[in-house]
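> take this sequence and fold it.
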Amino acid sequence: MNSTLSGKWMPIILLFLLLTNTLIASEPKTDTLTLYNGDKITCIVKQLSLGKLQVKTSDLGTLNIKWYKIASIETKSVLEIVLRDRTKIYGVLSKADRSGYVSISSGIMIEEVYPIMEIVSINQIAKNFWQGLEGSISYGLSYAKGTSNLQSNFAGNIKYRTNYLLNKLTVNSVISDNNELVSRKQDVINALYYYFKKRAFANFSVGWQQNTELGIDSRYITGFGLGYVAVQSNSNLLKFMTGAIVNIEIDDQSNKSQALEGIVSTTYDLYLFSNPKITITTSATFYPSFTDLGRLRSDLNTQISWEIFSDFTFGLSFYFNSDNKPSSTTASTTDWGTTTSIGYVF
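Model prediction:
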C-alpha cells in the first residue's frame with residue numbers, strides 16, 4: 001500500500017508542494033481596502049467569490065474578508081469584475097466619493113460608480129504565468145486495527161485564469177488496503193473553460209480515471225460541454241452543463257471498450273458567514289450512453305470545508321458513483337465513501 005501510493009503519486013504531490021512554495025513568494029502589495037470600522041489593509045486583491053474577498057498581505061498571509069464589511073477598495077491592476085446582472089467589466093477599482101460605493105475605470109475616459117454590493121465576483125488577471133496560478137492541496141489518513149484497513153486520500157487542484165479562459169488541473173486519490181484487498185478510486189482531469197460575456201461558458205476536458213470497485217482499471221475521457229450560470233450571488237453559485245464525452249475503458253479483466261456518452265451536470269456552491277467559515281460544494285453528473293443504450297453512469301460529490309485559520313482548512317467529503325451496466329462481470333454497480341482531510345489553499 002505505502003509503496004504503491006508513494007511510487008505512483010509522490011511525484012504529483014511533490015509538484016503541488018513545489019508550486020505552493022513558489023506561489024508564496026512575496027508580491028508587491030499595492031491595493032488598499034478600507035473597512036467600515038476604519039481599518040485599512042494594504043494587500044493584493046486575488047478574487048471575490050461567494051461573498052468573501054481573498055487578499056494576500058505581507059504580515060498576515062492570506063485573508064478572506066466578508067464583502068459587506070468593505071467600505072471602499074482601490075486596486076492598481078486590471079481585474080475581471082462581474083455585476084449582479086451578469087455584466088462583465090475589465091477595469092481598475094478606485095475609491096468613490098461615499099462609503100459603500102466604488103468607481104470602475106474600464107478605459108480612457110470611461111469611469112462609472114456602482115454600489116459595492118452590486119459586485120458579485122472579482123478575478124485577478126494574471127500579469128505573468130506564476131501570478132495566475134492558484135489552487136489547494138489536502139491529505140487525509142485513517143487506520144482501523146480491527147480490520148487492518150489503512151485508507152489514504154489526496155486531493156489537489158491548480159488553476160490558471162486569464163480574461164476569458166480558466167484552465168484547471170484536478171487530482172484525486174482514495175486508496176484503501178486491508179492486506180487482502182486494495183481498492184483504488186483515482187482521477188486526473190484537466191478542464192479548460194471559456195467564459196462568454198454573460199452567463200454562458202464552454203468546457204473542454206481530458207482525463208484518466210480508475211475505480212476498482214466498479215471494475216475500471218483505466219478510463220480515458222475526452223469531452224466537450226456548454227454550461228450556464230443560473231445563480232451567482234455573494235453566497236450562492238449554481239451552474240448547469242450538458243455535452244458529450246468519448247469514453248475508452250479497460251476493465252479489471254483487461255477488456256477494452258469505447259463509448260460515446262452524454263453529460264448532464266449541475267454544481268452548487270454555498271458559503272456560510274459563520275465562525276469558522278464554511279464552504280459547501282455539491283455536484284451531480286449523469287452519463288447516459290449513446291452507444292450502449294440503457295447504460296447510465298452517475299457521479300455525486302459533496303465537499304464541506306472549514307477554515308481552521310488563514311490558508312488552512314479541515315475538509316469532509318462524500319462521494320457516490322454508480323454504473324448500472326459495468327463492463328466487468330465481477331464489478332459492483334455502486335461505490336461510495338467518506339473522507340476527512342487537512343488542506344492548504346494557495
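> now the strands for the stretch 201-346 of the chain?
Counting by DSSP state E, counting those that start in this stretch, the segments of the stretch 201-346 of the chain that form strands are 216-232, 236-251, 256-272, 278-288, 296-309, 312-323, 334-345.
> quick one: contacts of the fifth one?
Strand 296-309 has contacts (CB atoms under 8 Å, 6 or more residues apart in numbering) with 64, 261, 276-289, 313-325, 342-343. Yep, even glycine has a C-beta here, placed from its N, CA and C like the rest.
> now with 7 Å?
Strand 296-309 is touched from outside by 64, 276-288, 313-324, with contacts defined as CB atoms under 7 Å, 6 or more residues apart in numbering.
> just give me how far it sits from the chain centre.
10 Å (CA atoms, centre = their mean, to the nearest Å).
> listing partners with orientation, what would you give for that strand?
Next to strand 296-309 in the sheet, as set by DSSP bridges, lie strand 278-288 (antiparallel), strand 312-323 (antiparallel).
> re earlier: of all the strands of the stretch 201-346 of the chain, which one is nearest residue 32?
When those are ranked by distance to residue 32, counting by CB to CB, first place goes to strand 334-345 at 23.0 Å.
> can you tell me how far residue 180 is from residue 333?
The spacing between residue 180 and residue 333, counted by CB to CB, to the nearest Å, is 22 Å.
> between the two, which one's more packed in?
Neighbour tally, residue 180 and residue 333, criterion other CB atoms under 10 Å: the higher count belongs to residue 333, 13 against 8.
> look up how far residue 297 lies from that one.
Between residue 333 and residue 297 the distance, using CB to CB, works out to 10 Å.
> what's the answer for residue 241, then?
Computed as CB to CB, the residue 241 to residue 297 distance reads 16 Å.
> and the residue nearest the centre of the chain, how far is that from residue 47?
With distances taken as CA atoms, centre = their mean, the chain has residue 157 as the residue nearest its mean C-alpha position (6.8 Å). In this view, residue 157 and residue 47 are 14 Å apart by CB to CB.
> then residue 333?
Using CB to CB, which is the criterion applied here, residue 333 is 40 Å from residue 47.
> same thing with residue 306?
Separation of residue 306 from residue 47 (CB to CB) stands at 20 Å.
> got it, and residue 215?
If you measure residue 215 against residue 47 using CB to CB, the figure is 40 Å.
> correct me if wrong: residue 218 contacts residue 210.
Yes: taking CB atoms under 7 Å as the contact criterion, residue 218 and residue 210 are neighbours in contact, 6.0 Å apart.
> quick one: the helices in the stretch 101-250 of the chain?
Counting by DSSP state H, counting those that start in this stretch, one finds no helices in the stretch 101-250 of the chain.
> low-confidence stretches in it?
Regions of the stretch 101-250 of the chain meeting the criterion pLDDT under 70 cover residues 107-110, 126-132, 145-147, 163.
> and residue 68, what are its phi and psi?
Dihedral angles of residue 68 (phi, psi; degrees, to the nearest 10) stand at phi -70, psi -10.
> go on, residue 67?
Its backbone dihedrals place residue 67 at phi -60, psi -40, with angles given as degrees, to the nearest 10.
> one more: the one 10 residues further on?
Recorded main-chain torsions at residue 77 are phi -100, psi 160, according to degrees, to the nearest 10.
> that one and residue 269: what is the separation?
The spacing between residue 77 and residue 269, counted by CB to CB, is 25 Å.
> those two: who's more crowded?
Neighbour comparison, residue 77 and residue 269: the larger count goes to residue 269, with 19 against 15 (by other CB under 10 Å).
> bridged to that one, which residues?
Partner residues in beta bridges with residue 269: residue 237, residue 281, with DSSP bridges as the criterion.
> ok, now residue 167?
As assigned using DSSP bridges, the partners bridged with residue 167 are residue 160, residue 192.
> same question, residue 296
Here residue 296 sits in beta bridges with residue 288, as judged by DSSP bridges.
> swap in the one 4 residues further on?
Listed beta-bridge partners, residue 300: residue 284, residue 320 (assigned using DSSP bridges).
> ditto for residue 259
The residues listed as beta-bridge partners of residue 259 by DSSP bridges are residue 247.
> distance of it relative to residue 65?
For residue 259, the distance to residue 65 under the criterion CB to CB works out to 47 Å.
> equivalent analysis for residue 213, please.
In this structure, residue 213 and residue 65 are 42 Å apart, going by CB to CB.
> what do you get for residue 202?
Note on residue 202: its distance to residue 65, by CB to CB, is 32 Å.
> of the two, which one has the most company?
Just comparing residue 202 and residue 65: by other CB under 10 Å the higher neighbour count belongs to residue 65, 18 against 15.
> which one is the more buried one nearest to, not counting chain neighbours?
Spatially, and ignoring its direct neighbours in sequence, residue 65 is nearest to residue 53 (4.8 Å; CB to CB, 6 or more residues apart in numbering).
> burial of the one you found, as a residue count?
Residue 53 is flanked by 21 other residues according to other CB under 10 Å.
> still on that earlier bit, got a markdown table for the strands paired with strand 296-309, with mean neighbour count, distance to residue 301 and mean pLDDT too?
Putting the strands paired with strand 296-309 into a markdown table (neighbours: other CB atoms under 10 Å; distance: least, CB to CB, whole Å; pLDDT from 0 to 100) gives the following:
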| stretch | mean neighbour count | distance to residue 301 | mean pLDDT |
| --- | --- | --- | --- |
| strand 278-288 | 17 | 5 | 94 |
| strand 312-323 | 18 | 5 | 92 |
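> cool, thanks, signing off.
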